[in-house]
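Participant: Sharing a sequence plus its predicted fold:
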2 protein chains.
Amino acid sequence: MLDDRKLDVLRAIVQDYVATQEPVGSKALAERHNLGVSPATIRNDMAVLEEEGYITQPHTSAGRVPTDAGYRLFVDRLAGIKPLSTPERRAIQSFLDGAVDLDDVVGRTVRLLAQLTHQVAVVQYPSLTRSTIRHVELLTLAPTRVMLILITSTGRIEQRAMDVAAPIGEDLLADLRARINARVVGKRFADVALLVQDLDESFTVEERPIVGTVLANLLDTLVEQQEERVVLAGTANLTRFGPDFPMTIRPVLEALEEHVVLLRLLGEATEPAMVVRIGHENMHEGLAATSVVSVGYGSGDEALAKLGVLGPTRMDYPGTMGAVRAVARYVGQILAES
Amino acid sequence: MLDDRKLDVLRAIVQDYVATQEPVGSKALAERHNLGVSPATIRNDMAVLEEEGYITQPHTSAGRVPTDAGYRLFVDRLAGIKPLSTPERRAIQSFLDGAVDLDDVVGRTVRLLAQLTHQVAVVQYPSLTRSTIRHVELLTLAPTRVMLILITSTGRIEQRAMDVAAPIGEDLLADLRARINARVVGKRFADVALLVQDLDESFTVEERPIVGTVLANLLDTLVEQQEERVVLAGTANLTRFGPDFPMTIRPVLEALEEHVVLLRLLGEATEPAMVVRIGHENMHEGLAATSVVSVGYGSGDEALAKLGVLGPTRMDYPGTMGAVRAVARYVGQILAES
DNA sequence: CACTGGCACTCCGACAAGAGGAGTGCCAAG
DNA sequence: CTTGGCACTCCTCTTGTCGGAGTGCCAGTG
């Protein structure tokens, strides 16, 4: 159906369109790429490619533009991942090496990625699902107000204030604190729910509502901890979407503010391989003209989280994929070292 | 120089221009506002206003548009702060009341502000330096390792792990915790150093090194300049800047990513009063068409940090100022309660 | 003296018509 | 299967015209 030359034509169309941002015609193609055939032949090939749904024309007698399917084919079969140049690699390394803590690593990474790709960069914080509880602390702020503090093995701290039904004594609080810690210290987040399940049975009926509130908040806090955090940078690069963008940019900005949407765009963290989602593949109406390139990263052989970039479907896929992959690798190294 | 009617004319121009986003002419003014005079008279007034630099015309035979100086005069002398409607107030309250911790309060605040004003909202985290201590907690992580947790009146938490010279018993720790809290709870950061100065005298000679280490770390944590954090929301509202915006929006997006710039835009936190910076007053080349409305907020009568919104100079100043002020008040209440 | 109506003038913005050009599809010939 | 030629389409840019909104000025009036 599609012989090699037709694929060459498609590749040339994608490359030229990405470079010029304008529909590309048969004549220009024949000139810029030495395909060894005449414009007329290319036209025939283009007709086939259009029929197959890989390219389209904005209007009669305009050049051709790749469709989502065209980009998909291009990414899957026609283009490799362009390795970064040595200076670029050096720049990445020196930029990331200065980081002092996790926040700094993530912050530098996202800015670096935005700068390298000239697109919007998104980095998900390393998952905490594998961390354990170091300590749970309870304090009274007021007679009926308790603060819960959770310390994780990674040194992270979460706090939560809550109101309880009845005044809570220091001795009850100390007892509860001791019992909770005895059960959960050193345990993984996921296991805590089971471990404290029947804890309230060892308290009096009067105390149980209080205990229940505290436990509910503890579990809540754990869930929240596991909730993935993302940071982004390079939103100014949204202006690259093109001249037609008031309509294009607004839903993208809205999506970027919804971290839930962002996380879904990055994809499942369990999947470490590079993923490219093109246009409608994002399953988000506002992102029909947007592509996402994401990849897992981690300290070892296991992906802890994902990072990636988001840009117009009309993007330089090989270069972007190269940058994303390289940054992910370096971040992995940094995390493994620290 | 400028009599009352000329000021009325300026007020009308600003109001109409903000509403319609189009240059406003003398005839339209005479129709929409009953100024009691003919268009010709208004034209004379407009000529004076233009000569004084309060308005300008994009080109001959176009209507007039306020200059930065015109908006400044409008804000300072011609317009009040528009109070929010009762339903709006109720919405604010119910939206903020559901917050569970400081992060949540700040997050809800910034989203709320963006939604109320239809502009980009910026909220600075409450500064540590002006807040007071709510509680100091000490935990043993290992026999010779102690974790210090500091809870501020704004709900912010700082932690610090340290190694001590000798194993530390639970009773000593409890004693130390109680003594420290007795002295510093409710006190301001700046006063803590004096308050704990002679605390180690009440301990035995063997205990003093340990106590000294803990106190030193406490003071260190207090002194350590906490980076000022800001969060923002509503960037999608940048599309409201107008149809001419690719050139306008890019520097704004860039400025929004530079948190240092954002903090400077919000202004000094020591200034609790509402500040309106119009166009060039921001002293930032890219924000020549941008105004910032900011105000301090805090749990008591003192400003802990600032919050505000950022939008085109052509904005509804009375409404925006009303919303900003109202939100700041409610956040202050929430912080005072928790 | 301030206000008003009238009037000529400027200049933008929208619309229409036309020229130019890029690109296509088709077809017959190599 | 490829190629050159050709007629056709339709966008885009330019130019020209027109209407209208708005202004500044001026003379008249209370």
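Facilitator: Yep, it's here.
Participant: Now do the contacts for A:Ile151.
Facilitator: Shown in contact with A:Ile151 (C-beta atoms under 8 Å, 6 or more residues apart in numbering or on different chains): A:Ile133, A:Arg134, A:His135, A:Val136, A:Glu137, A:Ile157, B:Leu139, B:Met147, B:Gln159. For the C-beta atoms, the positions are set from N, CA and C on the backbone; glycine is no exception.
Participant: part of a strand, is it?
Facilitator: Yes. Assigned with DSSP: H, G, I helix; E, B strand; the rest coil, A:Ile151 falls within a strand.
Participant: Quickly list what it is bridged to.
Facilitator: Partner residues in beta bridges with A:Ile151: A:His135, A:Ile157, with DSSP bridges as the criterion.
Participant: All the helices of chain A, in order from the start?
Facilitator: With DSSP state H as the criterion, chain A has helices at A:4-20, A:26-32, A:39-51, A:68-73, A:86-97, A:102-117, A:170-184, A:189-195, A:208-226, A:246-257, A:259-266, A:317-337.
Participant: ok so, going back, of the contacts of A:Ile151, closest to DNA strand C?
Facilitator: Closest to DNA strand C out of the contacts of A:Ile151 is A:Ile157 (57.3 Å), distances taken as C-beta to the nearest atom of the strand.
Participant: The closest one: how many residues sit nearby?
Facilitator: If you count neighbours by other C-beta atoms under 10 Å in any protein chain shown, A:Ile157 ends up with 17.
Participant: repeat for A:Gly267
Facilitator: A total of 18 residues lie near A:Gly267 under the criterion other C-beta under 10 Å.
Participant: again, but for A:Ser26
Facilitator: Taking other C-beta under 10 Å as the criterion, the count of residues near A:Ser26 is 21.
Participant: Ok, which of the helices of chain A comes nearest DNA strand D?
Facilitator: Distances from DNA strand D to each of these were compared using C-beta to the nearest atom of the strand; the shortest belongs to helix A:39-51, at 3.4 Å.
Participant: Could I get the CA-only coordinates of that closest one as PDB?
Facilitator: In PDB, the C-alpha atoms belonging to helix A:39-51 read as follows (Å, rounded to 0.1, in the frame of the first residue of the first chain):
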ATOM      1  CA  PRO A  39       6.600  17.000  -8.600                       C
ATOM      2  CA  ALA A  40       3.900  15.200 -10.600                       C
ATOM      3  CA  THR A  41       4.900  11.900  -9.100                       C
ATOM      4  CA  ILE A  42       4.900  13.300  -5.700                       C
ATOM      5  CA  ARG A  43       1.400  14.600  -6.300                       C
ATOM      6  CA  ASN A  44       0.300  11.100  -7.000                       C
ATOM      7  CA  ASP A  45       1.900   9.800  -3.800                       C
ATOM      8  CA  MET A  46       0.300  12.700  -1.900                       C
ATOM      9  CA  ALA A  47      -3.100  11.700  -3.200                       C
ATOM     10  CA  VAL A  48      -2.600   8.200  -1.900                       C
ATOM     11  CA  LEU A  49      -1.400   9.500   1.500                       C
ATOM     12  CA  GLU A  50      -4.300  11.800   1.700                       C
ATOM     13  CA  GLU A  51      -6.700   9.000   0.900                       C
END
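Participant: Does anything pack onto that helix? Which helices or strands?
Facilitator: helix A:4-20, helix A:26-32, strand A:55-56 (3 or more C-beta pairs under 8 Å, 6 or more residues apart in numbering or on different chains; DSSP states H and E).
Participant: Let's have the helices of chain A in a markdown table, adding mean pLDDT and distance to DNA strand C.
Facilitator: Below are those laid out as a markdown table (pLDDT from 0 to 100; distance: least, C-beta to the nearest atom of the strand, whole Å):
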| stretch | mean pLDDT | distance to DNA strand C |
| --- | --- | --- |
| helix A:4-20 | 95 | 9 |
| helix A:26-32 | 91 | 3 |
| helix A:39-51 | 95 | 5 |
| helix A:68-73 | 97 | 14 |
| helix A:86-97 | 93 | 33 |
| helix A:102-117 | 92 | 28 |
| helix A:170-184 | 89 | 67 |
| helix A:189-195 | 84 | 57 |
| helix A:208-226 | 85 | 51 |
| helix A:246-257 | 86 | 16 |
| helix A:259-266 | 92 | 33 |
| helix A:317-337 | 92 | 22 |
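Participant: Between the helices and strands packed on helix A:39-51, which one is closest to A:Ile168.
Facilitator: Nearest to A:Ile168 among those is helix A:4-20 (63.7 Å), distances taken as C-beta to C-beta.
Participant: quick one: is the closest one near DNA strand D?
Facilitator: Yes. Among the residues of helix A:4-20, A:Arg5 lie within reach of DNA strand D under C-beta under 7 Å from any atom of the strand.
Participant: Show me how far that helix is from its chain's centre.
Facilitator: Centre-to-centre, helix A:4-20 and its host chain are 29 Å apart (C-alpha atoms, centre = their mean, to the nearest Å).
Participant: Can I get it as CSV, trimmed to CA atoms?
Facilitator: Extracted as CSV, the C-alpha positions of helix A:4-20 are listed here (Å, rounded to 0.1, in the frame of the first residue of the first chain):
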residue,chain,number,x,y,z
ASP,A,4,9.1,3.3,0.6
ARG,A,5,8.9,6.4,-1.5
LYS,A,6,5.5,7.4,-0.2
LEU,A,7,6.9,7.1,3.3
ASP,A,8,9.8,9.3,2.2
VAL,A,9,7.3,11.8,1.0
LEU,A,10,5.4,11.7,4.3
ARG,A,11,8.6,12.2,6.2
ALA,A,12,9.6,15.1,4.0
ILE,A,13,6.1,16.7,4.5
VAL,A,14,6.3,16.4,8.3
GLN,A,15,9.8,17.8,8.4
ASP,A,16,9.1,20.7,6.2
TYR,A,17,5.8,21.5,7.8
VAL,A,18,7.4,21.5,11.3
ALA,A,19,10.2,23.7,10.0
THR,A,20,8.1,26.2,8.1
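Participant: helices and strands around it, which ones?
Facilitator: Applying 3+ C-beta pairs under 8 Å, 6+ apart, we find helix A:4-20 packed against helix A:26-32, helix A:39-51, strand A:65-66, helix A:68-73.
Participant: quick check: angle from the longest one to helix A:4-20?
Facilitator: Regarding helix A:39-51 and helix A:4-20, their directions subtend 90 degrees when assessed with axes from the mean of the first three to the mean of the last three C-alpha atoms, to 10 degrees.
Participant: contacting residues around helix A:39-51?
Facilitator: Helix A:39-51 is touched from outside by A:2, A:5-6, A:9-10, A:13, A:26-27, A:29-30, A:35, A:55-57, A:64, A:70, with contacts defined as C-beta under 8 Å, 6+ apart.
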